[in-house]
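1. I would like the atomic coordinates for the input below:
(one chain, ligands or ions: 1)
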Amino acid sequence: MFWKRSYGLIMVGLLLVMMIALLLSGSRLFTDIEEEAHIEEEDRIVVGVSQLGSESGWRTANTESVQNAFTQQNGYFLIYNNARQKQENQLKAIRSFISQRVDYIIFSPVVETGWETVLQEAKQAGIPVILMDRNVDVEDESLYVTCVGSDFEKEGEKAGHWLERELVQRGVSGQSVNIVILTGTEGSSSQIGRSAGFATVAEKHNNWNILEEKCAEFTSTKGKEVMKTFLKRYPDINVVVSQNDDMTFGAIEAIKESGRTVGVDGDIIILSFDAVRGALDMVADGTINVDIECNPNQGEYLLRVIDMLEADETVEKMYYVEEDIFTIENVTEELLQERTY
Ligand code: GZL
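-> The predicted model follows:
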């Protein structure tokens, strides 16, 4: 009996030793992985990204493009912040990146003004700043290295020139045209540029009556709300220019609820910007007459810029992304392509 009990104790002891050894080896294994990650982290380029928000389908695609670019596999450590449309949140995020001494700061400025002080702080800290999507209005352009984004004024002009051609094709270019405009976030590069570009064309046509322009913050909810106001105020709207697809979705809902019709066969012409997939589907079915593309896939461009900076190569002050314009004539072929948005 005695030897059976001692045999049992020996087995329990052996089991305990094995478990401790396993735990130790496991923790060593875990420490190894952790240390490896830590070592890799030190080698990785640390990028602080302040994204302005998540207000639209376009913004979601833009964020995904950045997150897919600055990965551990590509040698980066990404610190990402969503500012929820508030400039003060972007300022806080950029100051946090400075105190964390990141290698690069990338941000999409929600509006063009109010950045001098924080950009001075980044410059004093020796941290290069790269603008994404939208631009800043600063005296001293050395406060940022480059901007990767769109030519918004050109986008606005494309919309204006398309409308000129459309009215000629319909044989009504000499008639009075009543236009309402849904604008994006007041003071953002996209709003400023698109408004200016369209106005450059519109002012050549004294029969184009811009009844009203009103901000709908690039969101579908506000787009519907503002369009409802327009429909109550102006019974004879012929054209809606909406500065992004999300506002367009809301505006179309309001127009249909009012009993009026839109698009290729409708009584209100719809011009939109961004060309996200849901909107291109509506171009294909004739609901939206034209969509001016604004390419959110800026991650690859940003990667190339940082590669050049890492190699001490000179970079341009502005890199425009490629973008197109879609109507019922060319959208079907586009929808067959591999689009990420
Ligand atoms: C355009 C971007 C705009 C999009 C909107 O580059 O700034 O902001 O057009 C987004 O969809 O909200």
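
2. for this structure, what lies in contact range of the ligand?
-> Contact residues, the chain versus the ligand (Cβ under 6 Å from any ligand atom): 55-56, 58-59, 133-134, 150, 184, 190, 218, 244, 246, 273-274, 294. Backbone N, C-alpha and C define where each C-beta goes, glycine included.

3. which ones among those residues lie within strands?
-> Secondary structure from DSSP state E places 133, 273-274 of those in strands.

4. can you lay out those as a markdown table showing pLDDT?
-> Output for those, formatted as a markdown table (pLDDT from 0 to 100):
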| residue | pLDDT |
| --- | --- |
| 133 | 98 |
| 273 | 98 |
| 274 | 98 |
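
5. just put those residues in TSV and tack on neighbour count.
-> Output for those, formatted as TSV (neighbours: other Cβ atoms under 10 Å):
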residue	neighbour count
133	27
273	32
274	31
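
6. closest one to residue 155 out of the residues you listed, please.
-> The nearest member of those to residue 155, counting by Cβ to Cβ, is residue 273 at 6.1 Å.

7. OK, contacts around residue 229?
-> Contacts for residue 229 (Cβ atoms under 8 Å, 6 or more residues apart in numbering) come out as residue 214.

8. helix or strand right after the helix or strand hosting it?
-> In this structure, residue 229 is located in helix 220-233 according to DSSP states H and E. Moving toward the C-terminus from helix 220-233, the next helix or strand (DSSP H and E) is strand 239-242.

9. what segments of the chain are helices?
-> If DSSP state H is used as the criterion, the helices of the chain fall at 2-43, 57-69, 87-99, 116-124, 152-170, 189-202, 220-233, 245-257, 277-284, 299-310, 331-335.

10. can I get these in TSV with mean pLDDT?
-> Below are those laid out as TSV (pLDDT from 0 to 100):
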stretch	mean pLDDT
helix 2-43	50
helix 57-69	97
helix 87-99	98
helix 116-124	98
helix 152-170	98
helix 189-202	98
helix 220-233	98
helix 245-257	98
helix 277-284	98
helix 299-310	97
helix 331-335	95
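
11. spatially nearest residue to residue 86 (excluding sequence neighbours)?
-> The shortest distance from residue 86 to any residue other than its chain neighbours is 7.3 Å, reached at residue 110 (Cβ to Cβ, 6 or more residues apart in numbering).

12. isn't residue 242 right up against residue 253?
-> No: here residue 242 does not reach residue 253: they are 12.0 Å apart, not a contact under Cβ atoms under 8 Å.

13. ok so, going back, the helix holding residue 229: how far from the chain's middle?
-> The offset between the C-alpha centroid of helix 220-233 and the centroid of the whole chain comes to 24 Å, using Cα atoms, centre = their mean, to the nearest Å.

14. ok so, going back, closest to residue 214 out of the helices of the chain?
-> Across the helices of the chain, the minimum distance to residue 214, taken as Cβ to Cβ, is reached by helix 220-233, at 4.9 Å.

15. buried ones in that closest one, by neighbour count?
-> 220, 222-228, 230-231 (16 or more other Cβ atoms under 10 Å).

16. with neighbour numbers in mind, choose between residue 242 and residue 253.
-> The residue with more neighbours, out of residue 242 and residue 253 and counting by other Cβ atoms under 10 Å, is residue 242; that gives 32 against 15.

17. ok, now which ones touch the more buried one?
-> Residues near residue 242 by Cβ under 8 Å, 6+ apart: 181-182, 216, 223, 248, 251, 270-273.

18. ok, for the residue minimising distance to the centre of the chain, nearest residue in space, not its chain neighbours?
-> The centroid of the chain falls nearest to residue 59 when counting by Cα atoms, centre = their mean (3.2 Å). The shortest distance from residue 59 to any residue that is not its chain neighbour, by Cβ to Cβ, 6+ apart, is 6.2 Å, and that residue is residue 53.
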